[in-house]
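# Output the structure for:
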Amino acid sequence: LDYMDRQPYLTAKLRAGMIDFMVALIEKYSLSSKTLYLSATIFDRILACFNRKGGMKGDAVSLIYACTIIASKIEDVHPPTATDFVRDCDVVQNIHHILDMEREICNTLKFALSFRTPFHYIDRFLRASHVSSNSTLSCHCVAIKIGM
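Here you go, the predicted structure:
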C-alpha cells in the first residue's frame, strides 16, 4: 500500500472503512470471496494510478461500487448490475457516476483486470495440502493481507 503515503486525503482508517463497505456489498449480494479480494486489489491499484494522474475523480462510493462490479463480472457467475446497486444502496447514487467510474477504472488500468491476489496462492496451497479452500485459515490470512 505504498500509494497511501502519497495521498494525504486517504488514511489507513478511511481505507479500512472503504474495505468494510466493500465487504458489506459482497455479503449483501452473496458474491464469492475471490470477488472481495479482486475488488480490493483493483481498488488499491486504481488509487495508486489516480495518484499519478492527479487525484481521484468522482466520489469514493462510486469507486467502491465500480471496483466491486468489475470484480464480480470476472469472478462470479451472476454478477449484480449497477442498477442493482443503485436500487438497493442506502445513499443516493447516480448509475451514470458508477458506470463512468467503471469505464475510467478499465481505461486507466488498460483493461488489465485479472490480478493474482493472495487468495489465489492460499487457495492453491490449501488444495495442495488437501485442506478445504473454505477454511477459516485462508480467509483469515487473506483478510490480514488486505488490511481488514
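
# Any idea which helix or strand in the protein has the lowest mean pLDDT?
Ranked by mean pLDDT, DSSP states H and E, the weakest helix or strand in the chain is helix 136-145, scoring a mean of 56.

# buried residues in the longest helix along the chain?
If you go by DSSP state H, the chain has its longest helix at helix 33-53. Neighbour-count burial for helix 33-53, with 16 or more other CB atoms under 10 Å as criterion, is recorded at 33-47, 49-51. C-beta here means a position set from N, CA and C on the backbone, and glycine is covered the same way.

# show me where this structure has helices.
Going by DSSP H, the chain shows helices at 12-28, 33-53, 60-75, 82-88, 95-108, 118-128, 136-145.

# Deepest in the core, which of these is it.
Of all these, helix 60-75 carries the top mean neighbour count, a mean of 23, counting by mean count of other CB atoms under 10 Å.

# That helix to helix 12-28, inter-axis angle?
Counting by axes from the mean of the first three to the mean of the last three CA atoms, to 10 degrees, helix 60-75 lies at 50 degrees to helix 12-28.
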